[in-house]
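Trainee: Below are the sequence and a predicted model for it; my questions follow.
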Amino acid sequence: MIVLFTDFGLAGPYTGQMKAVLQHLAPAIPVIDLFADAPTRAPKPSAYLLAAYAGWFPARTVFLAVVDPGVGGARAPLILEADGRWYVGPDNGLFEIVQRRAQAARSWEITWQPESLAPSFHGRDLFAPVAARLALGQAPPGRERPPDTGRQASWPDDLPEIVYIDHYGNAVTGLRAALLPEQAALRTPKGHTIARARTFSEVPAGGALWYENANGLAEIAVNLGRADAALGLAIGAPLTIAG
Amino acid sequence: MIVLFTDFGLAGPYTGQMKAVLQHLAPAIPVIDLFADAPTRAPKPSAYLLAAYAGWFPARTVFLAVVDPGVGGARAPLILEADGRWYVGPDNGLFEIVQRRAQAARSWEITWQPESLAPSFHGRDLFAPVAARLALGQAPPGRERPPDTGRQASWPDDLPEIVYIDHYGNAVTGLRAALLPEQAALRTPKGHTIARARTFSEVPAGGALWYENANGLAEIAVNLGRADAALGLAIGAPLTIAG
Amino acid sequence: MIVLFTDFGLAGPYTGQMKAVLQHLAPAIPVIDLFADAPTRAPKPSAYLLAAYAGWFPARTVFLAVVDPGVGGARAPLILEADGRWYVGPDNGLFEIVQRRAQAARSWEITWQPESLAPSFHGRDLFAPVAARLALGQAPPGRERPPDTGRQASWPDDLPEIVYIDHYGNAVTGLRAALLPEQAALRTPKGHTIARARTFSEVPAGGALWYENANGLAEIAVNLGRADAALGLAIGAPLTIAG
C-alpha cells in the first residue's frame, strides 16, 4: 500500500498527477490519501503528525510524503526504512520523528534520476516513481547514509504546539497522550486551561476538553463546537502542560 | 460497492483511514466517495440528503454513513437493510428517512466488537469493518431489532429546509420535487419567492429558480451566480411552499 | 485511463456519482482526479488549463471534462480525438485550445442518448457513459463533424491571464513559458513587474518570481508566501509581457 502525506492541498492537479505516475508504474498497488493538507511548507509540525499516523499502518506500507518548501534547491531526496515501513520524500526533517521513535532505521539518499525532472514538482517526477519501486519490492535506488546524517537533534521528542486543525475545528497537538500525566491540563496561549476527557459527550455542549485521539495524540475539542474559533487556536500555537 | 457518506470533511486523515480499513478487509470492493461534507454533526438534514441520493445506487450497495456527534456515547451502532441496500452507522436518526420510504426494511444493533476501538473514531474501528463484511456478503454481525426501535416519528416526510449548499452556491432542499405542485414557488426566510424552471439557462443570468435536481430534490439556484449569497441561504434555512 | 477535469468542486456528490457510473460501466479502467476545481463556469480559462495538463498524459487517455454552465440548454455534447487522446464534454470552447494545438484532430457530436438524462447533470448521465465506452475502446457514439465546427477563432493561442490559483497561492497563467523570451517579465494589474527564476528558492523569502511550472505554463509565485494575496491576483487578472 502507498499512503500519500502532502501539503499539496485538496484542490488542483498535484495529487492526481502523482497518482497517475503510481498507476502507471505500480497499477496493482492500492493508494490511500492520508493527508493532503499537512501543515503548509512546514516540515517540523508535519513530522510529528506523520509519526503519529504512520504507526497505525501495517509493515511494508510506503509513505510518499511531500512537504517540501525547498523543492528544486539543495536539500537531498531521501528514503527512510523505519520499523518495516518505508518513507520517501525530502530530507528536511519531515522524517525526523519517525526515525527517532523507530527501533530500527536505515536511510538512503536517492541517486536514481528520472529522464525529466521539473524543478518545482519532485513529488511527481522523483518521489512517486521511487515510492512505486519500493511498493513493488525493489531495492532502494540510492546510497545508504550514516545513521546520523541530516538529523534535527534540537527538535523535542514531543511538540507542545498545535500541528493540525481538522474539519470540526478540533486542534491536534504534537503531544502523545500516553506520555502525559493522567491529570494533566493543557494551557493555551489565550489562557484557557483544558482538562482531559475520554470523548466529546463527557463535557456539556460548548465545553472544551482534550482527549487522546484515535492515533494517540492529545487533541483539543469543544463538544458540538469549534475549538479553533472558541479558543483562538491555529497551527503553531504553543501549549503548556499543567498539573 | 461501498459508498461513503460522512461529515468528516474533505481534509484530514479520517476518510483515508477508513479506506485503508476497507482496502485491507475487502480489497476487491470498489469504494465511492459520495459526500464527505454532509451537514456537520447534523443527523436530521443529513437523513434527507442520504435518502435522496441513496436511491440512485443499485441494490446491494453498502452505505458507510457517519454523521455521529455522539460518538463514544450511548447511541447504538446500527445496520439497516432497506430495499436491498445496506446502511451502517450510528443510531441517531441518520437512517430514519431511508427506512421510512423503504418498502421493506430490517435493522440490527451491531454486537460485534473490534479488538481496538477508539472512542472518537467508530467510523474507522467499528463501522468500516462491518461495512466490509456486508459488502463481502457476510451476515449482519448484530442482533435484529423490532421494526420500530429508535425511530424519529416527529420528523416530517419531507424537510422544508436547506440541507446542503454545493460548490456553485446552489441550495439543496429536503423536499422531493415530484411531490410539489407543478406551479409551487418556494419562499425563503428573506422573502424571496422563487418559481420552478427546468434548468439554469431558462432564466436570465442572475435570475433565481428552483428545479428538480439530478437526485429528485428541489434545489434553489441562481443562473451563473450563487444562490447562497444572493438569497441569504444556509443549511437549516426554513422554506415555505407557496402556490 | 480516464482523467476527470471539472469545476464540480471538491465537495458534494457530483464526482462520486460520475465515478460510480464509470465503475459500473468500465470497472477495470483506472480513474484519476486531475482538477475538480477548474475555473467555475468558465470554459475559456479552463481550456488553456486543460490543454497544458492534458499533454502530460499518455495516448489513449480519456478526459472526462465538464465545465458546463449551459448544461441542459442548446450547446452540443462533444467528443474530440486529438493526437491520440480523447476528450468528452460540452461544446462550449472547453476543447478549443487542445484542438488548436493538435497535429491531428477529429470531433463528433454525441448522438447516443441515455435512458434517463437529468437536465442539470449531463456529466453523470451522458458524458460519463460515453467516456467509459471510449476507454473500453468502443467507437465514438456520435456523428463526425466538419473540422471547423464550433471553433472559437477569436481566442488567442496563449492567454495572458491568471487561469488558476493553487493551494499555495501560486497563480498559474495561460501562457506557455517556452514561448516567452528568456528575459521576459510579467506585469500584473497592480503594477508589479516579476522576473523569471528557475525555482522558488532562487529568490529570497517573500520575493516574487515567475517560473515554468511542471506542465509548461508560466506561474507566478512568492517564495514561502502567497502570490495571490501579496500581488492581488485572482482568476481572470490580465497580464502584460515586458522585456
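Mentor: Arrived safely.
Trainee: can stretch A:217-228 be found next to chain B?
Mentor: Yes. With Cβ under 8 Å from any Cβ of the partner chain as the measure, stretch A:217-228 is seen reaching chain B through A:Glu219, A:Leu224. Every C-beta, even on glycine, is put in place using the N, C-alpha and C of the backbone.
Trainee: Just give me the neighbour total for A:Asp158.
Mentor: 20 (other Cβ atoms under 10 Å in any protein chain shown).
Trainee: To clarify, my last question referred to A:Arg100.
Mentor: Count around A:Arg100 with other Cβ under 10 Å applied: 16.
Trainee: Isn't it up against A:Asp158?
Mentor: No. Taking Cβ atoms under 8 Å as the definition, A:Arg100 is not a contact partner of A:Asp158, at 10.6 Å.
Trainee: Give me the three-state assignment for A:Thr173.
Mentor: Under DSSP: H, G, I helix; E, B strand; the rest coil, A:Thr173 falls in the strand class.
Trainee: Tell me how far the residue lying closest to it once chain neighbours are set aside lies from A:Val98.
Mentor: Once flanking residues are discounted, A:Thr173 sits nearest to A:Ala218: 4.7 Å by Cβ to Cβ, 6 or more residues apart in numbering or on different chains. From A:Ala218 across to A:Val98, the span is 19 Å (Cβ to Cβ, to the nearest Å).
Trainee: sorry, back to before: what helix or strand is the residue nearest to A:Thr173 on?
Mentor: Per DSSP states H and E, A:Ala218 falls inside strand A:217-222.
Trainee: list the helices and strands that strand packs on?
Mentor: Applying 3 or more Cβ pairs under 8 Å, 6 or more residues apart in numbering or on different chains; DSSP states H and E, one finds that strand A:217-222 makes contact with strand A:171-176, strand A:208-212, helix A:227-231.
Trainee: residues contacting the residue nearest to the spatial centre of chain A?
Mentor: Among the residues of chain A, A:Leu50 comes closest to the average C-alpha position under Cα atoms, centre = their mean, at 2.3 Å. Contacts for A:Leu50 (Cβ atoms under 8 Å, 6 or more residues apart in numbering or on different chains) come out as A:Phe5, A:Ala38, A:Phe63, A:Ala65, A:Leu94, A:Phe95, A:Ile97, A:Val98.
Trainee: quick one: which of the residues you listed is nearest chain C?
Mentor: A:Ala38 (11.2 Å; Cβ to the nearest Cβ).
Trainee: before we move on, back to that, give me the neighbour count for the residue nearest to A:Thr173.
Mentor: A:Ala218 has 26 nearby residues by other Cβ under 10 Å.
Trainee: does it have beta-bridge partners, and which?
Mentor: A:Glu212 (DSSP bridges).
Trainee: How about the one 4 residues further on?
Mentor: According to DSSP bridges, the partner residues bridging A:Val222 are A:Ala208.
Trainee: Would you agree it is in contact with A:Ala230?
Mentor: Yes. Contact criterion Cβ under 8 Å: A:Val222 and A:Ala230 qualify, at 4.9 Å.
Trainee: for A:Phe63, helix, strand, or coil?
Mentor: Secondary structure, three-state DSSP: A:Phe63 is strand.
Trainee: Kindly provide the distance from it to A:Pro43.
Mentor: 14 Å.
Trainee: Now for the closest residue to chain C within chain A, how many residues are close by?
Mentor: Nearest residue of chain A to chain C, counting by Cβ to the nearest Cβ: A:Gly9, 2.4 Å away. Residues lying near A:Gly9 (other Cβ under 10 Å) number 18.
Trainee: dump the residue contacts of the closest residue to it other than its chain neighbours.
Mentor: Leaving aside its sequence neighbours, A:Gly9 sits nearest to C:His167 (Cβ to Cβ, 6+ apart; 2.4 Å). C:His167 makes contact with A:Asp7, A:Phe8, A:Gly9, A:Leu10, A:Ala11, A:Gly12, A:Tyr14, A:Thr40, according to Cβ under 8 Å, 6+ apart.
Trainee: what's C:His167 sitting at in phi/psi?
Mentor: phi -60, psi -30 (degrees, to the nearest 10).
Trainee: Please, which helix or strand holds the closest residue in space to A:Pro238 that isn't next to it in sequence?
Mentor: Nearest non-adjacent residue to A:Pro238, counting by Cβ to Cβ, 6+ apart: A:Glu161, 5.4 Å away. According to DSSP H and E, A:Glu161 maps onto strand A:159-165.
Trainee: ranges for the helices of chain A?
Mentor: Per DSSP state H, chain A carries helices over the ranges A:14-25, A:43-54, A:96-101, A:122, A:128-135, A:227-231.
Trainee: Make a markdown table from those helices and add mean pLDDT and distance to B:Ala177 to it.
Mentor: As requested, the helices of chain A are exported to a markdown table (pLDDT from 0 to 100; distance: least, Cβ to Cβ, whole Å):
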| stretch | mean pLDDT | distance to B:Ala177 |
| --- | --- | --- |
| helix A:14-25 | 98 | 34 |
| helix A:43-54 | 98 | 43 |
| helix A:96-101 | 98 | 52 |
| helix A:122 | 96 | 50 |
| helix A:128-135 | 98 | 45 |
| helix A:227-231 | 97 | 36 |
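Trainee: And the residue of chain A closest to chain B?
Mentor: The nearest approach of chain A to chain B comes at A:His167, 2.4 Å away (Cβ to the nearest Cβ).
Trainee: Give me the contacts around stretch A:129-145.
Mentor: A:1-2, A:21-22, A:25-26, A:29, A:62-64, A:77, A:79, A:81, A:86, A:88, A:106-112, A:114.
Trainee: what about it, start to end distance?
Mentor: End-to-end span of stretch A:129-145 (Cα to Cα, to the nearest Å): 21 Å.
Trainee: ok now that stretch, how far from the chain's centre?
Mentor: 20 Å (Cα atoms, centre = their mean, to the nearest Å).
Trainee: So for it, what gets flagged as buried?
Mentor: A:Pro129, A:Val130, A:Ala131, A:Ala132, A:Arg133, A:Leu134, A:Ala135, A:Pro140, A:Gly142, A:Arg145 (16 or more other Cβ atoms under 10 Å in any protein chain shown).
Trainee: Can you tell me how far A:Ala102 is from A:Ala59?
Mentor: According to Cβ to Cβ, A:Ala102 stands 12 Å off from A:Ala59.
Trainee: Those two: who's more crowded?
Mentor: Comparing A:Ala102 with A:Ala59 by other Cβ under 10 Å, the one with more neighbours is A:Ala102, at 18 against 8.
Trainee: Per-residue pLDDT of that one, please?
Mentor: A:Ala102 carries a pLDDT value of 97.
Trainee: how about the nearest residue to it, chain neighbours excluded?
Mentor: Spatial nearest neighbour of A:Ala102, chain neighbours left out: A:Ala82 (3.7 Å); criterion: Cβ to Cβ, 6+ apart.
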